[in-house]
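> below are the sequence and a predicted model; questions follow.
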Amino acid sequence: MKPSGPLFTLLAGLLLGIFMLSLNATTGTKAKSSYDGATATPTAPASTPATSTTPSAAPSPTPTPAPEAEYAGRTADGTAAVSVSVRGGKAIGYLCDGRSQESWLKGDVKDDGSMRLTGENGTVLDGVLRAGKIDGTVEIRDRTWKFTAAEAVRPSGLYRATAEVRGAKLDGGWIVLPDGRQVGILKRDGKPAAAPRINPASGAVTVNGTLLTARPVVP
């Protein structure tokens, strides 16, 4: 019986050693598997701000003021002439038939070229400035004239002279048309009559033997 005791002890130790080796191997494998299999949590990509696709409103067009110029022409029936001088959004107009009918008018010119000029006794000029000309009407009392006044280059345009000569008050208005013709009225103490011709280059005009100067009219 004694020889079996050491053998039993040897077998028991061998089994214990095999068990321990198996346990260590299993534990090491698990630990390694756990480490190797670990995956990093994916980082979400940074969000990109959404770009608006709504088109921006177009800027409002800058209003264009009426060009500074002189305009002159005749009424549709050919019985009178009309001239308008435009400066800085303001206008002065004049209708004259060269005999007894005349009217001075003034007012504003809007950015769209429309204008409404007014004068004495309810006189009204309504017109539209477009494409280098003014089309409109002039109302004096119970009469209405249609007219077209094209852009004119000096010496064409509107002229006026006021003075006192030999005790008489003189007030003259002239329209020099693009073709060189003149239409004007000279009032002596308020009484109208056909005006003498002026020199368009200088504005010189002789009235009752006295030399006067008719000057361009601007607002």
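That came through, no problem.
> in this protein, what helix or strand scores lowest on average pLDDT?
Counting by mean pLDDT, DSSP states H and E, the chain has its least confident helix or strand at helix 4-36, which shows a mean of 50.
> partners of the very next helix or strand once past that one, with directions?
Later in the chain than helix 4-36, the nearest helix or strand by DSSP states H and E is strand 69-74. Strand 69-74 pairs in its sheet with strand 81-87 (antiparallel), strand 143-152 (antiparallel), by DSSP bridges.
> so how many other residues sit close to the closest residue to residue 76 other than its chain neighbours?
Nearest residue to residue 76, sequence neighbours excluded (C-beta to C-beta, 6 or more residues apart in numbering): residue 146, at 4.1 Å. For every residue, glycine as well, the C-beta is placed using N, CA and C. For residue 146, the count of nearby residues is 12 (other C-beta atoms under 10 Å).
> in contact with residue 146, which residues?
Taking C-beta atoms under 8 Å, 6 or more residues apart in numbering, we find residue 146 in contact with 75-77, 136-137.
> pLDDT below threshold where in the protein?
For the chain, the stretches flagged by pLDDT under 70 are 1-65.
> and with 80 instead?
1-67 (pLDDT under 80).
> for stretch 139-156, buried residues please.
140, 145, 147, 149, 151-152, 155-156 (16 or more other C-beta atoms under 10 Å).
> biggest separation within those residues, which pair?
Among the buried residues of stretch 139-156, the pair separated by the greatest distance (C-beta to C-beta) is 140 and 155, at 26.9 Å.
> buried ones from the contacts of residue 146, can you make that a ChimeraX selection?
Remark: buried members of the contacts of residue 146, expressed as a ChimeraX selection using 16+ other C-beta under 10 Å:
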select :75,136
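> can you tell me which of the contacts of residue 146 is nearest residue 172?
For the contacts of residue 146, the minimum distance to residue 172 (C-beta to C-beta) is 20.3 Å, reached by residue 75.
> what's across from the closest one in the sheet?
On the basis of DSSP bridges, residue 75 is bridged to residue 147.
> let me see the contact set for it.
With contacts defined as C-beta under 8 Å, 6+ apart, residue 75 is in contact with 81-82, 95, 138, 145-147.
> rebuild those as JSON lines, extending it with distance to residue 192.
Listed next are the contacts of residue 75 as JSON lines, based on distance: C-beta to C-beta, whole Å:
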{"residue": "81", "distance to residue 192": "15"}
{"residue": "82", "distance to residue 192": "17"}
{"residue": "95", "distance to residue 192": "13"}
{"residue": "138", "distance to residue 192": "17"}
{"residue": "145", "distance to residue 192": "17"}
{"residue": "146", "distance to residue 192": "23"}
{"residue": "147", "distance to residue 192": "20"}
